[in-house]
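Asks: The sequence and its predicted three-dimensional model are supplied below.
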2 protein chains.
Amino acid sequence: MDIKTYLSRKKDIVDKALDKLVPPAKTFPASVHEAMRYSLFAGGKRVRPILAIAAAEALGANTAGILPIAGSLELIHTYSLIHDDLPAMDDDDFRRGRPTCHRKYGEAIAILAGDGLLNMAFEVLSAPGRQEGLSADRRLAIIREISMASGAFGMVGGQVVDMESEGREIDIPTLEYIHTRKTGALIRAAVRVGALYSRAGKRQFTALTHYGELVGLAFQIADDILDITGKQEELGKDVGSDLKKGKKTFPSFYGLEESRRRASEVADKAIESLKDFDRKAGPLRELAKYIVNRVH
Amino acid sequence: MDIKTYLSRKKDIVDKALDKLVPPAKTFPASVHEAMRYSLFAGGKRVRPILAIAAAEALGANTAGILPIAGSLELIHTYSLIHDDLPAMDDDDFRRGRPTCHRKYGEAIAILAGDGLLNMAFEVLSAPGRQEGLSADRRLAIIREISMASGAFGMVGGQVVDMESEGREIDIPTLEYIHTRKTGALIRAAVRVGALYSRAGKRQFTALTHYGELVGLAFQIADDILDITGKQEELGKDVGSDLKKGKKTFPSFYGLEESRRRASEVADKAIESLKDFDRKAGPLRELAKYIVNRVH
């Protein structure tokens, strides 16, 4: 199966799982449930859930039981997008070609929809009987992993530093801090919860963690490049929006060519970290290639 | 020990536990950690943590291990206050006599401080080795309990309906919905996690749940009364702020005298629900009385 088919099939599976996890839009109070669904089903590629599933598959696990966990990663990703888009934050009017949550439902409902999605992730992760065969200890470890990636040492911290850096001169370690927290943390967590779900041994867990960190970095470099070279219809947002906001990115430090070279190098390293895995890790390897192929 | 001494001793214990749970204000990124601490240590009475501790004590448990769980209730309570105060929501400038989080740190940091506190609650609840003697299954049940109380079927839902009701004519069921979700849900959850921590039997759990619901209701009626009759220095916010916002409250439906009568009646029922408990439930009984005595 080629990677595009794989991604499209997994996306369908994740979308169906999400549809079951989240209450119908008419559930009282309807405004917030509608807003949660609006942003959740806005055409996201489900990268984080798919990484969790692919990591679990790489260790041979039956992946039906991982869907609620994979879905909770997307709930958290969506919450972070809604809050980051708010006027007080990045003040974005469009996301994936549609009005952002606060443009559509107002700021108050957008804040609360984000809060609702974040809480829902933990409702799902702690729900009885949803992840059969998974020990309670392992489920706690997964909750710990995801909450740490999402909180002040993860995505929240990354967004703080990103915002405080806007229009300022920052150094490369600060750029790396922002990237590893804002995007990297949840991507790393996605791969790690897949590994936890599949009862990875210590060496496998370390290798998959390494893979997750490298893929997160490749993803971020690719995103920065696409912000400059991408087409608006593909991005669903304005081309050059980072530049307009005075945001420092990989290309602004290293230039486009060097950024492309680094993206490929990082993806190669990610694949190399899976050298002790068999062909069941094929999708993880292909994913790493796919992420950087978009920018070449 | 009289109830005021009890409350003050427990508050000190909870404050010390919170101080250990939350990273120092200078932790990078400092702005968000400082804001989290600013709101967390703004003079809250720690009602929810103390209810959890008192419920655990009512069943004879050693309560040292419950402190992180009790603390996480206060993290969630504080997150909800920060977000509710935002300009897009209730737009409050003062809370407990001090500028609200967004007035002090700006809206973006306030949103992120709230997000950070909410995530931190789940970081704490899933942290390894912090609640010794508590089974992983029970810890998952506690996470489920707290996330449900905090999410779209709990506090988030209550805030949505509260906001959407502002300045409108609402009926009594809507007022009850707002109260049971916005304030009641986390108070109920506090008592229930205390019961879960202490391995309550089924009948004890039901009785304590009932107590939690009634105490939450008494607390809300008392709060509504104090908004009219309280002194500004005691409230730390403007007297009559509900009225100014066109918010419907218990007194606006039933009048002051009838509201006072109901508060006492509800507190009596809360105490009655503990009839099968021995003197270890003394603090829970005294707490119910204390809540309504403030308004007489």
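Replies: The structure has been received and is ready for your questions.
Asks: Every contact and neighbour count from this point should use C-alpha atoms.
Replies: Noted.
Asks: OK, contacts around residue A:209?
Replies: Residues in contact with residue A:209 (C-alpha atoms under 8 Å, 6 or more residues apart in numbering or on different chains) are A:188, A:191-192.
Asks: and if you look at residue A:172?
Replies: Neighbouring residues of residue A:172 by C-alpha under 8 Å, 6+ apart: residue A:253.
Asks: can you check residue A:281 too?
Replies: Residue A:281 sits next to A:54-55, A:57-59, A:274 when contact means C-alpha under 8 Å, 6+ apart.
Asks: repeat that with 10 Å
Replies: Contact partners of residue A:281, counting by C-alpha atoms under 10 Å, 6 or more residues apart in numbering or on different chains, are A:54-60, A:271, A:274-275.
Asks: Greatest separation within those: which pair is it?
Replies: Farthest pair in the contacts of residue A:281 (C-alpha to C-alpha) is A:60 and A:271. Separation: 17.9 Å.
Asks: who's more crowded, these two?
Replies: Neighbours were counted for residue A:60 and for residue A:271 using other C-alpha atoms under 10 Å in any protein chain shown; residue A:271 has more, 21 against 14.
Asks: nearest residue to that one other than its sequence neighbours?
Replies: If you skip the residues right next to it in sequence, residue A:271 has residue A:285 as its closest partner in space, 5.3 Å away by C-alpha to C-alpha, 6 or more residues apart in numbering or on different chains.
Asks: Against chain B, how distant is the one you found?
Replies: Applying C-alpha to the nearest C-alpha, to the nearest Å, the value for residue A:285 to chain B is 31 Å.
Asks: What residues sit buried inside whichever strand or helix holds that residue?
Replies: Using DSSP states H and E, residue A:285 maps to helix A:282-293. Under the neighbour-count criterion of 16 or more other C-alpha atoms under 10 Å in any protein chain shown, helix A:282-293 has A:282-289, A:291-292 buried.
Asks: what does stretch A:34-49 give?
Replies: Buried residues in stretch A:34-49, counted by 16+ other C-alpha under 10 Å: A:34-40, A:42, A:45-49.
Asks: Near chain B, list only the ones from those.
Replies: residue A:36 (C-alpha under 10 Å from any C-alpha of the partner chain).
Asks: show me where the stretch 151-296 of chain A has helices.
Replies: Using DSSP state H, counting those that start in this stretch, the helices found in the stretch 151-296 of chain A span residues A:155-165, A:172-179, A:185-197, A:202-229, A:232-235, A:241-244, A:250-272, A:282-293.
Asks: same deal with the stretch 1-150 of chain A?
Replies: Using DSSP H, counting those that start in this stretch, the helices found in the stretch 1-150 of chain A span residues A:3-21, A:30-40, A:47-58, A:67-85, A:101-105, A:107-125, A:136-150.
Asks: Could you dump these into CSV with mean pLDDT added?
Replies: As requested, the helices of the stretch 1-150 of chain A are exported to CSV (pLDDT from 0 to 100):
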stretch, mean pLDDT
helix A:3-21, 97
helix A:30-40, 98
helix A:47-58, 98
helix A:67-85, 98
helix A:101-105, 98
helix A:107-125, 98
helix A:136-150, 97
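Asks: Quick one: closest of those helices to residue A:247.
Replies: Taking those one by one with C-alpha to C-alpha, helix A:67-85 is closest: 14.4 Å.
Asks: what's the angle from the closest one to helix A:30-40?
Replies: Between the axes of helix A:67-85 and helix A:30-40, defined by axes from the mean of the first three to the mean of the last three C-alpha atoms, to 10 degrees, the angle is 100 degrees.
Asks: Any residue of helix A:67-85 touching chain B?
Replies: Yes - residues of helix A:67-85 contacting chain B under C-alpha under 10 Å from any C-alpha: A:79-80, A:83-84.
Asks: so who does residue A:225 touch?
Replies: Residue A:225 touches A:219, A:240, A:249-252, A:255-257, A:259-260, A:263, A:292, A:294-296, counting by C-alpha under 10 Å, 6+ apart.
Asks: Select from those the one having the most neighbours.
Replies: The most crowded member of those, judged by other C-alpha under 10 Å, is residue A:263 (29 neighbours).
Asks: Now do that residue against residue A:155, distance only.
Replies: For residue A:263, the distance to residue A:155 equals 22 Å [C-alpha to C-alpha, to the nearest Å].
Asks: what's the answer for residue A:265, then?
Replies: According to C-alpha to C-alpha, residue A:265 stands 25 Å off from residue A:155.
Asks: Can you list the buried residues in stretch A:159-178?
Replies: Quick answer for stretch A:159-178 (16+ other C-alpha under 10 Å): A:159-163, A:165, A:174-178.
Asks: So which of those is the closest to residue B:147?
Replies: Each of the buried residues of stretch A:159-178 was checked against residue B:147 using C-alpha to C-alpha; the closest is residue A:159, at 23.5 Å.
Asks: Next up, the contacts around the nearest residue to the closest one once chain neighbours are set aside.
Replies: Excluding the flanking residues, the one nearest residue A:159 by C-alpha to C-alpha, 6+ apart is residue A:182, at 5.9 Å. Applying C-alpha under 10 Å, 6+ apart to residue A:182 gives the contacts A:80, A:149-150, A:153-162, A:176, A:216, A:220.
Asks: mind running it again at 8 Å?
Replies: Neighbouring residues of residue A:182 by C-alpha under 8 Å, 6+ apart: A:154-159.
Asks: Please report how far residue A:96 lies from residue A:222.
Replies: 17 Å.
Asks: Neighbour count: the two, which is higher?
Replies: When residue A:96 and residue A:222 are compared for neighbours, residue A:222 comes out ahead with 24 against 17, by other C-alpha under 10 Å.
Asks: returning to that earlier point: mind putting the residues of helix A:67-85 next to chain B in a markdown table, neighbour count included?
Replies: Shown next, in a markdown table, are the residues of helix A:67-85 next to chain B (neighbours: other C-alpha atoms under 10 Å in any protein chain shown):
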| residue | neighbour count |
| --- | --- |
| A:79 | 27 |
| A:80 | 22 |
| A:83 | 27 |
| A:84 | 23 |
